[in-house]
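Q: sequence-free structure coming up:
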């Protein structure tokens, strides 16, 4: 198990390294100069040169990359071109907003999705199953930003049940501000997870050990909830792990539509302003988020599934 | 201070306010109740385009930061809210131009800096202005001070600003805008000469209480401020770049003031939700289509002129600006010296003339690219240009670029047509500075190269006779248009909506002067 | 060849027998039909402007109203289907082809190559799609091809991983061992024996992926990174619709509805296809 | 010259030593059976011979040519003379190919495109007593017995000299098991095939094999002619295996020799005689390592052989 | 009649499929008496699995019970409520399935699973675990307490089948259904399991319904044998009667085919040519007719009834009928 965890961790680091390097090179290949963007139309050539040198942008790319990694090893992600603040501070200030959004979305969508899927699988080909299927497929059909938009109009502007913008302060207020964005992002996941759980459940329910459990007269409820669901949930854990990474992309839309602070917004803003240190910082963190969540999913899988534990 | 330019109906506003007070009483922590208005909690909620990230005026990148700086710092003079550009005293009790290159001032004696940095002195003024022109500071705002030389301190609170040569924009840009902010010399030096994301010492009517990046900046009343007390206890500034989102936030009752999109003007003219009002202001922005005169496809001046005549500005204003904006006559907005009453090429397209010019040019099978930002207004405009140029047989391919790539077009020699929009300060000097030969490869994307234009730009800044100065700038714009490199489209407009409880204080171009905001009673 | 055609026929019949599958088939059929014959179906030229009749609400003349340039929304929706398929089909099938190839190489080739390819897949997957899209669009400028490329690049790992897993499973199956024992070349084993067994699963995945891709295109357009104007795409409709949502809500409907319908159609079809194609389920029937 | 000569074959997967020195020979036309419990390494032996499993050490010569670890370029021409049959009758047929394609696959692989493949398919199907209309079917449409015949037809397509058959009767009902064995016997006689058969079904061995080897934990423990082994098993393990074969006769109560427990893990091979811990006849001497000893055609690895 | 435990009475079961009804079981009749081991012999497609799932009422959704009764201690299980069935399962009737590798839940420990199946017991958890360990010991698993904490994949196939038997016997059922419990195992393990099963049967006195296609195992273990072919019982009777005096050509040929039966090395082994008929498209007459070398014209038209030939020996063949009537 430990060995498995170490190897998984090593792989994660490697992915992180490659991803960050690729992004570093890619963003440098893109036209646009942070100095020019920052200085705006006022830039004099001297000023530009000074700032370029100050930011280390006059160095060859490979050297910049080395410097970046050198600083990274010391826990330093560099300094924001615009505000002069430490990139670490900036990124970690935005991170909680996105994390709470992603967690809230996953939490509600996974619980509802698993419940729907398990219920549908336990009652295959009944009316309820069909309704659940129709609901889940329709949910999948709704792109996050369209849902966000409509939710905003209906629940924030028209009904004014929930706040329209921002992230709020204090626990309840923040929760209040989370409702609509988390709803928008999570909605398509409900359907996705429900279908996954249903398919997975049906497969597991057809396996021989479930028949054994039934043959021993174990209550159907327990057969479904413990004997089948525990196995059927395994692919869902993986999907959620991978999904955490993808959710960051949906989070961008929610953060734009609901004018929420967050990593997604930070990423978009920093790329469009060619704010290299922040781009690198956010890529690092969001890739780490993805890598950690998939690794975590693998570990949880290993915990839930004793077979995976010894397989490595 | 008397402000009378809102179109609000006070009676209706009062009625609504009373009605909502009942609702406000039921505001729950979770807020399931009516959110249309927060209770009158003394909090003014305004929207900014972006985040004020840097509290150093020397490194301010524009109006977003200036909005905060203007509230937490003082300047000798401030812009006056209203319809006409003008200034009023702030930290200065007296300011006077004694000759074209000398300006004397005297400071109030009751302004102090926070964090124990003491009273504001003439030394602070000297320090604040001189550090901006000091190369070591790397201030991008240095050009705003033009030929500023230094400040002579003549007393504890008295001094003289010395210019190397006359500089008209000193009154319209240098002093009342970014470079006019006075910081505490002691505080900045204590901080190592540079202010970062947090102010080191403040002196204005407000203090920056907190900043949650991407979420909001909170200003709180400065208890030690001795000037006219600001009306609002707290100001919350929300960075929202998208106007649509801001409008939604406003309609959800979460903003008091915001600029709105031109597309919404028609709707807000019919009525602003929650009893608010619409204020329509002109804008200093200028939008035009540029042509890169050095590009092999566009070197033919007749062709460029044909294109000028084939672009139909009224259609663009109708479709992209929803009829809420007027055609531009050049780069200098109405209300500023140098504004031209009309452009040389009439706004409406003249396809016959265009076709004739095209024929004269001898060019056939012209296909061009048109670069533009990825905002709906621009893409709409670009599509109209595409359609109208097609009428004279010119094929246009629209390249939509995200802002990072778009703003890097300066050194793009392959640029052909470009739809562009620059911002402005209330002085024509600022507008012409981007189209000089020196700016080729940077901000002069059309690579418009006119020695005469350059000379006007140099001399007009020092011209103090307003009429003469205006004439010079008009000539400069004629030169631009004659070159065929420019098709002026619009100066846009600045529609602002505000809630019933607010009496906004806006510059003539619609930007907020937060310290002067009032409360409707 | 004739055999495989009859197999395809069987699959279609199988799908059509399932009510959801039939619905999917019909929706997809309509979309494809509209896309192919868009030119003849549209009542107006989808890019012809008529500023005078701009931003009109739905009426008999304009079923879904007009946009800010006076273009007929209905015509743009129809023509937008063409664009959606122009993006989705090459992107999905390109990603499938590349993912399949790489996945099969990873699954069948040497361990180091497998590790390398998996690293490549994981790296691409670990970028948030939007960030990747932004960088690419900034690099080469937005266009139909860019969108296709971005979508393709981001979906390759999904197909690659599935193809790899399938290959790994098949690799040790007896029929592959049997082929090896007869001396079949690697190309023959991969191409003749593995490919037909993997492609079914991937095809189902692709059918389910098409709506995701359509939504991604819409998302990119929503961020202003989509196809070039005046190309009528559903995403562009949504973008214009969003910025004018309270003036011309029919644009959001016009852009959003076909996306949701297409998603429903392809998802139904995909689910049904999976039931028909998946040999495990086939045995149970 | 022996057709197949396997000498001291060794295979390890990491720390797992699957084959620990297996040696045997097969003469032309001879049928050799490898018998043992699951995990004894039988399958690995024939896969290693065919180059489908690694063999780190030892030698495999086929018609005098060394083929252990030989590259595919060397193997491919030899594969005409050496065909394999796999355990799972349906699973060893490529599922998306028709039977016609499947049984003519060897011609295509060996580049014999000039043959009339349809005619060959017909000939082969007839040879294994399958009606020619099976040619257009797919594997999943066949019963186990039919699929098995297709496997035989394919293995015989190129008229090989040696067939390596892994559990050729696995998954077949007894009523058709005989058909297959008859078919193999018949073809062997007509074509002069040599065969290596792997099975754990001793009844099968008795009817098809000339000689047999008993494997335990990746080694041969006894080898000899089928007659000898059945009539005079010397190794206790062989004896146990033979007795563990219930007869379809309620009155035939065998003197069963109970085998204790299960085979030990290959990761923890016991010291001395590896069968010692399960052996009902173990003696003190068995803590020493037994060597392979040959007496005539009878090979044995036991320090306390039965008589 | 009092020692009859299970009576299958004219049971007919269909599966509804797209191709029409698949007649999986037709007119099945046989008994299992208390403490008796009954073997069911049959090759693939004979309906063994359907029979078992019908007894336990764990059938696929497309199953249709057309006719007949399954009486356990006199109660018709086909009419019992789901609740009553659940009370029977694992208590009065237990089952050991064919594939030991898939019979246990892979993510729960053996101890947990053995705990769960004692859900009816009021004992404390500790007592239940002690009981479980005792049962594991009884089926020959060394160090049972420690192994309770392990997961199924940590056991070998033989071990798992022993565990399955331990679990099945834990509630001391009256009837144990063993569905090809040794098919997936090596012969050496097979005999171990068979012997263990015999010992346990003597200890627990339960009846066993033992399903297998391995005639040797049936012959060794069972008291009575039911021979099934294509969804019908073709012969049933005392084990010696069946093996020494088979009265149905199928039984006879099946025994002949078994290689273990043939002591001398033979070049040509006996076989039963042909295939099991399509159950969705049954021909009239005797189902074995096409493969029978003694078929008569009558066999093509009339289904032979399951006649009692002597006390406890039944066979369904017209050959015997001639014998009986003449």
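A: That came in fine, so what should we check first? Values in this document were obtained by computation on a predicted structure and should not be read as measured data.

Q: Single out the residue in the stretch 51-200 of chain E that lies closest to chain C.
A: Using Cβ to the nearest Cβ, the single residue of the stretch 51-200 of chain E nearest to chain C is residue E:60, 8.5 Å away. For every residue, glycine as well, the C-beta is placed using N, CA and C.

Q: Now stretch E:161-178: buried residues?
A: Using 16 or more other Cβ atoms under 10 Å in any protein chain shown as the test for burial, stretch E:161-178 gives E:161-171, E:173-178.

Q: ok so, going back, hang on, the residue of the stretch 51-200 of chain E closest to chain C packs against residue E:17?
A: No - taking contacts as Cβ atoms under 8 Å, residue E:60 lies outside contact range of residue E:17: 10.5 Å.

Q: What does the pLDDT read for residue A:105?
A: On pLDDT, residue A:105 comes in at 89.

Q: any idea which element it lies in?
A: helix A:87-122 (DSSP states H and E).

Q: now the residue of the stretch 51-200 of chain E closest to chain C: how far from residue A:144?
A: 40 Å (Cβ to Cβ, to the nearest Å).

Q: what's the burial count for residue C:191?
A: 12 (other Cβ atoms under 10 Å in any protein chain shown).

Q: Are we agreed that it is in a strand?
A: No - applying DSSP: H, G, I helix; E, B strand; the rest coil, one finds residue C:191 to be helix, outside a strand.

Q: can you list contacts of stretch A:290-309?
A: For stretch A:290-309, the external contacting residues (Cβ atoms under 8 Å, 6 or more residues apart in numbering or on different chains) are A:1, A:4-5, A:8-9, A:11-12, A:15-16, A:19, A:230-231, A:233-234, A:237-238, A:240-242, A:244-245, A:248, C:122, C:125-126, C:128, E:106-107, E:151, E:153-154.

Q: Enumerate every residue touching residue E:68.
A: Listed by Cβ under 8 Å, 6+ apart, the contact set of residue E:68 reads E:8, E:9, E:10, E:11, E:12, E:27, E:28, E:29, E:78.

Q: Over to residue B:416?
A: B:291, B:292, B:295, B:297, B:298, B:368, B:369, B:370, B:371.

Q: and what of residue D:300?
A: Residues in contact with residue D:300 (Cβ under 8 Å, 6+ apart) are D:221, D:222, D:223, D:234, D:235, D:292, D:293, D:294.

Q: Who are the contact partners of the first one?
A: Okay, so that is residue D:221. Residue D:221 sits next to D:214, D:215, D:235, D:237, D:238, D:275, D:300, D:301, D:302 when contact means Cβ under 8 Å, 6+ apart.

Q: Surely it is within a helix?
A: No - counting by three-state DSSP, residue D:221 is not found in a helix; it is strand.

Q: Now do the same for it: its pLDDT.
A: For residue D:221, the pLDDT comes out at 93.

Q: Across the sheet, point out what pairs with the closest residue in space to residue B:211 that isn't next to it in sequence.
A: Once flanking residues are discounted, residue B:211 sits nearest to residue B:217: 4.9 Å by Cβ to Cβ, 6 or more residues apart in numbering or on different chains. For residue B:217, the beta-bridge partners under DSSP bridges are residue B:211, residue B:237.

Q: if I look at residue B:217, how far off is residue A:29?
A: 35 Å.

Q: and what of residue B:505?
A: Look at residue B:505 and residue A:29: by Cβ to Cβ, they are 46 Å apart.

Q: And the two? Which one has more around it.
A: The neighbour count for residue B:505 versus residue A:29, taken as other Cβ under 10 Å, is higher for residue B:505 (20 against 12).

Q: what's that one sitting at in phi/psi?
A: Phi and psi for residue B:505, reported as degrees, to the nearest 10, are phi -120, psi 110.

Q: Now do the contacts for it.
A: Listed by Cβ under 8 Å, 6+ apart, the contact partners of residue B:505 are B:1, B:3, B:81, B:512, B:513, B:514, B:515, B:516, B:517, B:518.

Q: What subset of those residues is buried?
A: Buried subset of the contacts of residue B:505 (neighbour count, 16+ other Cβ under 10 Å): B:81, B:512, B:513, B:514, B:515, B:516, B:517, B:518.

Q: Quick check: the farthest pair among those residues?
A: By the measure Cβ to Cβ, the buried ones among the contacts of residue B:505 have their two most distant members at B:512 and B:518, which lie 12.2 Å apart.

Q: Need the overlap of contacts for these two.
A: Counting by Cβ under 8 Å, 6+ apart, the common neighbours of residue B:512 and residue B:518 are B:504, B:505.

Q: how about residue 196, secondary structure?
A: Here I'm looking at chain A. Once three-state DSSP is applied, residue A:196 turns out helix.

Q: Let me rephrase: I mean chain D.
A: Secondary structure assignment for residue D:196 (three-state DSSP): strand.

Q: Strands of the stretch 51-200 of chain E, start to end?
A: Taking DSSP state E, counting those that start in this stretch as the criterion, the stretch 51-200 of chain E carries its strands at E:63-72, E:75-76, E:93-96, E:175-179.

Q: could the ones you listed go into a markdown table alongside distance to residue D:103?
A: Output for these, formatted as a markdown table (distance: least, Cβ to Cβ, whole Å):
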| stretch | distance to residue D:103 |
| --- | --- |
| strand E:63-72 | 38 |
| strand E:75-76 | 52 |
| strand E:93-96 | 40 |
| strand E:175-179 | 36 |
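
Q: Tell me the residue of the stretch 1-150 of chain D that sits nearest chain A?
A: Counting by Cβ to the nearest Cβ, the stretch 1-150 of chain D gets nearest chain A through residue D:14, at 12.7 Å.

Q: swap in the stretch 151-300 of chain E?
A: Closest contact between the stretch 151-300 of chain E and chain A, by Cβ to the nearest Cβ, is at residue E:151 (4.0 Å).

Q: Which pLDDT value belongs to that residue?
A: 89.

Q: again, but for residue B:75
A: The model reports residue B:75 with a pLDDT of 93.

Q: what's the closest non-adjacent residue to it?
A: Spatial nearest neighbour of residue B:75, chain neighbours left out: residue B:180 (3.7 Å); criterion: Cβ to Cβ, 6+ apart.

Q: so the one you found touches residue B:69, yeah?
A: No - checked against Cβ under 8 Å, the pair residue B:180 and residue B:69 is beyond contact range at 9.5 Å.

Q: In terms of packing, which of the two has more residues around it?
A: residue B:180 (30 against 26).

Q: which ones are touching that one?
A: Neighbours of residue B:180 in contact, by Cβ under 8 Å, 6+ apart: B:75, B:76, B:77, B:174.

Q: if I pick the last one, what's in contact with it?
A: Taking Cβ under 8 Å, 6+ apart as the definition of contact, the neighbours of residue B:174 are B:144, B:145, B:146, B:148, B:167, B:180.

Q: Compile those residues into a markdown table and extend it with columns for distance to residue D:257 and secondary structure.
A: Formatted as a markdown table, the contacts of residue B:174 follow (distance: Cβ to Cβ, whole Å; DSSP: H, G, I helix; E, B strand; the rest coil):
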| residue | distance to residue D:257 | secondary structure |
| --- | --- | --- |
| B:144 | 104 | helix |
| B:145 | 107 | helix |
| B:146 | 110 | coil |
| B:148 | 110 | strand |
| B:167 | 114 | coil |
| B:180 | 107 | helix |
